[in-house]
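> Next comes the sequence, and after it the predicted model I'd like to discuss.
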Amino acid sequence: MIKEIEDRRSIRKYKPDRVNKTIIEDMIYSATLAPSAKNRQPWKFIVYQGDEKDKLVEVMQQGINAEKISHELMPEWVFAIPDAENTVRIMQEAPCLIAVLNTNQKTPFSGIENEKRIVEICDSLSIGAAIQNMILTATGYGLGTLWIANTCFAYNDLVDFIGTDCQLTGLVAVGIADESPDKRPRKPFEDIIEFR
């Protein structure tokens, strides 16, 4: 598994080839093996390919267009909208998108009590572990992935399209990579570890 961890890259260019359903099922099965706080397993995965994927991408673009005008959801992150628009291009190119839902939580745009916020954080960490399992499995199959968080700019439109009141934590793009990015730099090991 160390090889998959070292080989994994965030892929932003994809070939159009459809992703095999068995591989997607293996990816999601591996996601379900992740540790989760209190074994809540707060995840659900919805796979979009073909016409349904194209509709999801269109909804993402519409939501971003609306956010460019209203700045309702992310007013302090207006500077990041061009990056979100580039994410739409990536989503259009990727043959498969997997929506990742937190089934125990609702919209992140409403205030909640401290105790519920702690539970939300624990659920988010659990889902992060599940996504990591999923993308490492994809790497093992020779596929590229991109963990997409820019869904925040089109959040309400996307959950309406998906038809859920569960919290959308993001999307994962999956496909055959059409690029080979170099390994991204990491902080020096001695700066990030401390023994006491």
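Thanks, I have the structure now.
> Surely residue 47 is in a helix?
No. Counting by DSSP: H, G, I helix; E, B strand; the rest coil, residue 47 falls outside a helix, being strand.
> Quickly list what it is bridged to.
With DSSP bridges as the criterion, residue 47 is bridged to residue 98.
> Quick check: the gap between it and residue 21.
Distance of residue 47 to residue 21, computed by C-beta to C-beta, to the nearest Å: 8 Å. For glycine as for every other residue, the C-beta is placed from the backbone atoms N, C-alpha and C.
> Counting neighbours, go ahead and name the busier of the two.
residue 47 (18 against 11; other C-beta atoms under 10 Å).
> my read: that one touches residue 24, true?
Yes. Using C-beta atoms under 8 Å, residue 47 is in contact with residue 24, at 5.8 Å.
> Now list whatever residues contact both of the two.
Common neighbours of residue 47 and residue 24 (criterion: C-beta atoms under 8 Å, 6 or more residues apart in numbering): 96, 98.
> Using CSV, write down the CA coordinates of the helix-or-strand element of the chain with minimal mean pLDDT.
In the chain, the helix or strand scored least confidently by mean pLDDT, DSSP states H and E is helix 2-7, which has a mean of 92. Listed next in CSV are the C-alpha coordinates belonging to helix 2-7 (Å, rounded to 0.1, in the frame of the first residue of the first chain):
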residue,chain,number,x,y,z
ILE,A,2,3.0,2.4,0.5
LYS,A,3,3.5,2.2,-3.3
GLU,A,4,-0.1,3.5,-3.9
ILE,A,5,0.4,6.2,-1.4
GLU,A,6,3.6,7.3,-3.1
ASP,A,7,2.2,7.0,-6.6
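> For the one helix or strand residue 125 maps to, the averaged confidence score.
Using DSSP states H and E, the element containing residue 125 is helix 114-140. Regarding helix 114-140, the rounded mean pLDDT is 97.
> and the angle from the helix or strand that that helix is followed by to helix 114-140?
Proceeding N to C from helix 114-140, the next assigned helix or strand is strand 144-148, under DSSP H and E. With axes from the mean of the first three to the mean of the last three C-alpha atoms, to 10 degrees applied, the angle from strand 144-148 to helix 114-140 works out at 160 degrees.
> Buried residues of strand 144-148, list them for me.
By 16 or more other C-beta atoms under 10 Å, the buried positions in strand 144-148 come out as 144, 145, 146, 147, 148.
> What residues sit buried inside whichever helix or strand comes after it?
Moving toward the C-terminus from strand 144-148, the next helix or strand (DSSP H and E) is helix 155-162. For helix 155-162, a neighbour-count test (16+ other C-beta under 10 Å) marks 155, 157, 158, 159, 161, 162 as buried.
> hey, what's the residue nearest the centre of the chain bridged with?
Centroid-nearest residue in the chain, with C-alpha atoms, centre = their mean: residue 171, separated by 3.2 Å. Counting by DSSP bridges, residue 171 is bridged to residue 99, residue 148.
> Surely it is in contact with residue 94?
No. With contact defined as C-beta under 8 Å, residue 171 does not reach residue 94; the gap is 9.2 Å.
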